[in-house]
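Peer 1: pasting the structure only:
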């Protein structure tokens, strides 16, 4: 039997490419990029030079610390896989193999390597046994930063574009705004958090935990005492991760920053969001994805440059023109077609995230996990690039071109130079004169509103100061509160805690009167949401706000069995164009055509097909082909049901979701504590107030009451109470319990 240690794979060209994740022809470019990435991650400004023999990477950072042995160990192929990359932040590396690849390339090719830092020069010679010899001499001219020189032997080809990856990384480093904060406990799942702690070795966990946002040394010590990282157990991991998350809010995706555009050179699009990944407690990983697109000459080839955290990926990506207006992007988990227009394009993609899943040791990213936002930014930026190219060519402007070109002037006019807020219709009338002048016909308001939505989708936020009128209402059970769904109301909206765990949406506001009269929302802990016609932006905004809370929420949609009804549901399940994906579970309850027929409801025949000019009515994608054809000529309204039939139908639909809101034990105990204390105050007040000492007696009685409360099964008490009276909220059964506990404590 033969055995081989992992580090030996770095000393042979036949296996070094496997660990680096690139073919031999790209190895030199990768090595230089690794050195540049290290400098940029240290916050330094870097430069790269090639004199034909040596390649130099120079930075203005603090220099490399340590003596000769430490520097030699840093550039050793046998060094342990030690990496700060286990601490998840949006930086450029992934595995910590970078300097081992550098040393391996020098060893395997018979090249040269030196480091000049802090006034000393270290000439390094990696050896086959995994060690690295070092010779130290003064470097009097080198007083700031670090200068690394590398020379490749004849067996490693050095192509003419060996500096291309490095130059892109350097250029991108200074663009826009980058993340400067600490790591977040929300960015780890159970397994990665366990491995990070174990990899920290025999050091206090409290020291390690201070790398997290909002965790001071005192807080860290209070959490774990003197426990060592190496002794952490899997059973401890979820508890500690939960405690850390309780002390630190999850960073918003916007905190990751973005590159921004390149002036007028390339069209820019941006989208931010979050994915969940991992085992046990999942990691909540924010992302910021950008595309820069430029239209090329007709005889050019399509190009894609992909970056992760501002540095080019080393995985190979192929670009193939598919249909006249589409390109296929293949590699790094992708094998998909994107609509970019008929002319060739250059696309630069950048994904910023604290953790990028990889498919190989060589850091090939798994971009498939980001397919939807990648498609969104590629196609947005491509549309903008096409408009830029069209404007340069002097082509006739469309209505959309005129709206976009004059939007800033119109906003200034409608808002009095940002002194006032303004409505969408006011903005329309501010743009209207430009459209009449340049297009020569009366503009359509609905088309204008759609263009504004497109603009906001590309920006990633609403136009500053714009508000939209109310087009619906949300009704809260138990409180009876009704809130109009307009921009100004939604901006102030706060979801009441532990009041409802479901929302029912319908376009027909009249049906909700039936439900409110029968106490249906209270029995089901279900809010009622309606907006005129299709779900308006404000309605979808409310859903986003509700979905941002920690309470789970299910969103149900009912609609007519007609073509437009299916589209209402589809619109609510798709990503809201200017706001990212839904943050709640969306469930379609119908009415579906087959179901309506089975129920014997009245069917309306509203048109006949046959003429050449008959337009196909759009129907949602989830509808089977048979019923898509049926919906072209027939429909069934929800109103075809009588009031008793409607309530009975809805009750049957909700049987699988009949659970009432019951908060966690801590909330229950806090609520019972509060109710008991209120009851005690009422009982004791008359006896104590005259003589003084009111608060003292209450506190003494509460101490006795809390001893009694520890013995109670609150979950059972609440559930039994809700079973007897399902129309009440979860805290009502605690009232009588609080009275009993308070009375007993007072008498004692």
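Peer 2: Ah, there it is. Being a predicted model, the structure only gives us computed values, none of them experimental. Numbers count the residues shown, from 1 in each chain.

Peer 1: which ones are touching residue 23?
Peer 2: Contact analysis of residue 23 by Cβ atoms under 8 Å, 6 or more residues apart in numbering lists residue 17. All C-beta atoms are positioned from the backbone trio N, CA, C, and that covers glycine.

Peer 1: Tell me how far it lies from residue 320.
Peer 2: Residue 23 sits 20 Å away from residue 320, going by Cβ to Cβ, to the nearest Å.

Peer 1: Next, please give the residue ranges for the strands of the stretch 151-300 of the chain.
Peer 2: Taking DSSP state E, counting those that start in this stretch to define them, one finds strands in the stretch 151-300 of the chain at 177-178, 257-258, 267-277, 283-295.

Peer 1: Need the winner for burial among those.
Peer 2: Among those, ranked by average contacts under mean count of other Cβ atoms under 10 Å, first place goes to strand 283-295 (a mean of 24).

Peer 1: and the residue nearest to residue 313 when sequence neighbours are not counted, which of the three is it?
Peer 2: The shortest distance from residue 313 to any non-neighbouring residue, by Cβ to Cβ, 6 or more residues apart in numbering, is to residue 306 (5.0 Å). Following DSSP: H, G, I helix; E, B strand; the rest coil, we place residue 306 in the strand state.

Peer 1: Renumber starting at 37 from here on
Peer 2: Done: numbering now begins at 37, and the last item shifts to residue 342.

Peer 1: picking that back up, would you mind putting the strands of the stretch 187-336 of the chain into CSV with mean pLDDT alongside?
Peer 2: Below are the strands of the stretch 187-336 of the chain laid out as CSV (pLDDT from 0 to 100):
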stretch, mean pLDDT
strand 213-214, 84
strand 293-294, 86
strand 303-313, 89
strand 319-331, 92
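
Peer 1: Tell me which of the ones you listed sits nearest to residue 592.
Peer 2: strand 303-313 (22.9 Å; Cβ to Cβ).

Peer 1: The closest one pairs with which strands, and in what direction?
Peer 2: Here strand 303-313 is paired, per DSSP bridges, with strand 319-331 (antiparallel).

Peer 1: returning to what we had before: quick check: which of the strands of the stretch 187-336 of the chain is nearest to residue 438?
Peer 2: Between residue 438 and the strands of the stretch 187-336 of the chain, the shortest separation by Cβ to Cβ is 18.1 Å, and it involves strand 303-313.

Peer 1: Residue nearest the middle of this protein, spatially speaking?
Peer 2: Nearest to the mean C-alpha position of the chain, by Cα atoms, centre = their mean, lies residue 310 at 1.6 Å.

Peer 1: so what's the residue lying closest to that one once chain neighbours are set aside up against?
Peer 2: In space, residue 310 comes closest to residue 322 once its chain neighbours are excluded; the distance is 5.0 Å by Cβ to Cβ, 6+ apart. Counting by Cβ under 8 Å, 6+ apart, residue 322 makes contact with 286-289, 291-292, 308-310, 389-390.

Peer 1: follow-up on the earlier one: right, and the strands of the stretch 187-336 of the chain - which one's nearest residue 274?
Peer 2: With Cβ to Cβ as the criterion, residue 274 lies closest to strand 319-331 of the strands of the stretch 187-336 of the chain, at 12.9 Å.

Peer 1: Run the chain-centre distance for the closest one.
Peer 2: 10 Å (Cα atoms, centre = their mean, to the nearest Å).

Peer 1: what's the answer for stretch 108-115, then?
Peer 2: 37 Å.

Peer 1: which other residues reach that stretch?
Peer 2: For stretch 108-115, contacts defined as Cβ under 8 Å, 6+ apart pick out 43, 46-47, 100, 102, 135-136, 138-140, 143, 149, 151, 158, 160, 162, 165-170.

Peer 1: One more pass at 7 Å, please.
Peer 2: For stretch 108-115, the surrounding residues in contact (Cβ atoms under 7 Å, 6 or more residues apart in numbering) are 43, 46-47, 135-136, 138-140, 143, 149, 160, 162, 166-168, 170.

Peer 1: Please check those and keep the buried ones.
Peer 2: The neighbour-count test (16 or more other Cβ atoms under 10 Å) applied to these identifies 43, 46-47, 135-136, 138-140, 143, 149, 160, 162, 166, 168, 170 as buried.

Peer 1: what's next to the longest helix along the chain, contact-wise?
Peer 2: Secondary structure assigned by DSSP state H gives helix 701-724 as the longest helix of the chain. Residues from elsewhere that reach helix 701-724 (Cβ under 7 Å, 6+ apart): 534, 730, 733-734, 737-738, 741, 745, 750, 754, 767, 770-771, 773-775, 777-779, 781-782.

Peer 1: can you pull the contacts of residue 104?
Peer 2: Shown in contact with residue 104 (Cβ under 7 Å, 6+ apart): 158, 170, 172.

Peer 1: and the closest residue to residue 716 other than its chain neighbours, what are its phi and psi?
Peer 2: Among residues not flanking residue 716 along the chain, residue 778 sits closest, at 4.4 Å (Cβ to Cβ, 6+ apart). Main-chain dihedrals, residue 778, degrees, to the nearest 10: phi -70, psi -40.

Peer 1: Test my guess that residue 778 contacts residue 742.
Peer 2: No - using Cβ atoms under 7 Å, residue 778 is not in contact with residue 742; the gap is 11.2 Å.

Peer 1: neighbour-wise, which of these two wins?
Peer 2: For residue 778 versus residue 742, neighbours defined as other Cβ atoms under 10 Å are more numerous around residue 778 (26 against 16).

Peer 1: where does the more buried one sit relative to residue 230, distance-wise?
Peer 2: 45 Å.

Peer 1: same deal with residue 74?
Peer 2: According to Cβ to Cβ, residue 74 and residue 230 sit 27 Å apart.

Peer 1: Could you check which of these two has the larger neighbour count?
Peer 2: residue 74 (23 against 20).

Peer 1: in this structure, which helix or strand is least confident?
Peer 2: Across the helices and strands of the chain, mean pLDDT, DSSP states H and E gives its lowest value to helix 573-583, namely a mean of 64.
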